[in-house]
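Participant: model this:
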Amino acid sequence: MAAVNQKAIKKEMSHTKSITKIAVLGVLAFIIMFAEFPLPMFAAFLKIDFSDVPALLAGFSMGPWAGIMVEVVKNFLHLFRSQTAFIGEAANLLTGILLVAPASLIYSMHKSKKTAIIGMLAGTLIMAVGMSVANYFIIVPLYQKLLNIPTQAVIAMGTHANARIVDLKTLVVYSILPFNIIKGILVTIATALIYKRLSPLLHR
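Facilitator: So this is what the prediction gives:
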C-alpha cells in the first residue's frame, strides 16, 4: 500500500513539475512575442518572432501536448492585448501548433539531433503550407468580415513589398508561403542551438 501511495505521489509531483514548466515557457514565449520584426521583402503585417522556440523546447522535452499547451498559454495571455478581434491570436496559435506538433511528434519517435532537425523542417513545411491555405480561405477574409478591413487593403500591403502581388493568391504565393518557410528555418536554427544546452534544466 505504501509503495502504491509513493508511486501516486511521484506521479503527482511529476505532473505538477510539467505544468510549472509549461507555464514558465508559455510566459517566456509571450514575452518573446514582443521582440518581433518585419522582413522588407514581405507584407508589413508579417513579422518574425522566436516565440515558438519555448514551445518546441517543451515539445521536445515533455512531448507534443506540452508544446501545444505552451502555444495555448502564450496566445491566451496575448488575448488581453488583442487588436484584431482575436483573429491574430487564433492565427498565431494555429501557426505554432502546425510547427510544434509534427516536430515534437517526429522527435519523440527516436530522440536524436538528426530527428529533431528533421522534425522541425517537416513542421516548417506543414506550417507554411497549412497557413497558406488558412490565410487564403479563412484568416484574410475574416479581417474583412469582423474588422471591416478590405481584402484589397491587405493585398496592397503585399504589393508595396513585391510588385508581383496583385491578388490574394499571389499574396499567398509570394509573401505568406515564403515568409513562413523562412520563419520556420530561423526558429529551427535557434532551437537547435540552445536545446542541448538547456536540456538538463528542461528534464530536471
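
Participant: among the helices and strands of this protein, which has the poorest mean pLDDT?
Facilitator: helix 2-32 (a mean of 82; mean pLDDT, DSSP states H and E).

Participant: could you point out which element follows it?
Facilitator: strand 37-38 (DSSP states H and E).

Participant: Could you list the low-confidence segments of this structure?
Facilitator: For the chain, the stretches flagged by pLDDT under 70 are 1-13.

Participant: Next up, the contacts around the residue nearest to residue 37 when sequence neighbours are not counted.
Facilitator: Closest residue to residue 37 apart from its sequence neighbours, by Cβ to Cβ, 6 or more residues apart in numbering: residue 48 at 5.6 Å. Placement of C-beta: from N, CA and C, glycine included. Contacts for residue 48 (Cβ atoms under 8 Å, 6 or more residues apart in numbering) come out as 36, 37, 38, 39, 182, 183, 186.

Participant: between those residues, which is closest to residue 89?
Facilitator: residue 36 (13.9 Å; Cβ to Cβ).

Participant: measure the closest one to residue 47 for me?
Facilitator: 4 Å (Cβ to Cβ, to the nearest Å).

Participant: Which of those two has more residues huddled nearby?
Facilitator: residue 47 (15 against 12; other Cβ atoms under 10 Å).

Participant: What about that one? Give its phi and psi, please.
Facilitator: phi -130, psi 140 (degrees, to the nearest 10).

Participant: That one: what's it in contact with?
Facilitator: 36, 37, 38.

Participant: Take these and write them to CSV, including distance to residue 126.
Facilitator: Listed next are those as CSV, based on distance: Cβ to Cβ, whole Å:
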residue, distance to residue 126
36, 22
37, 24
38, 24
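
Participant: which one of those residues is nearest residue 85?
Facilitator: residue 36 (19.5 Å).

Participant: List the contacts of the closest one.
Facilitator: 47, 48, 49.

Participant: switch to 6 Å and redo it
Facilitator: By Cβ atoms under 6 Å, 6 or more residues apart in numbering, the contact list for residue 36 reads 47, 49.

Participant: Would you quantify the distance from it to residue 83?
Facilitator: Residue 36 is 14 Å from residue 83, by Cβ to Cβ.

Participant: how about the residue sitting nearest the centre point of the chain, what does it touch?
Facilitator: In the chain, the C-alpha nearest the mean C-alpha coordinate belongs to residue 96, at 2.2 Å (Cα atoms, centre = their mean). By Cβ under 6 Å, 6+ apart, the contact list for residue 96 reads 52, 55, 71.

Participant: Output the residues you listed as JSON lines; include the columns secondary structure and neighbour count.
Facilitator: Shown next, in JSON lines, are the contacts of residue 96 (DSSP: H, G, I helix; E, B strand; the rest coil; neighbours: other Cβ atoms under 10 Å):
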{"residue": "52", "secondary structure": "helix", "neighbour count": "33"}
{"residue": "55", "secondary structure": "helix", "neighbour count": "32"}
{"residue": "71", "secondary structure": "helix", "neighbour count": "29"}
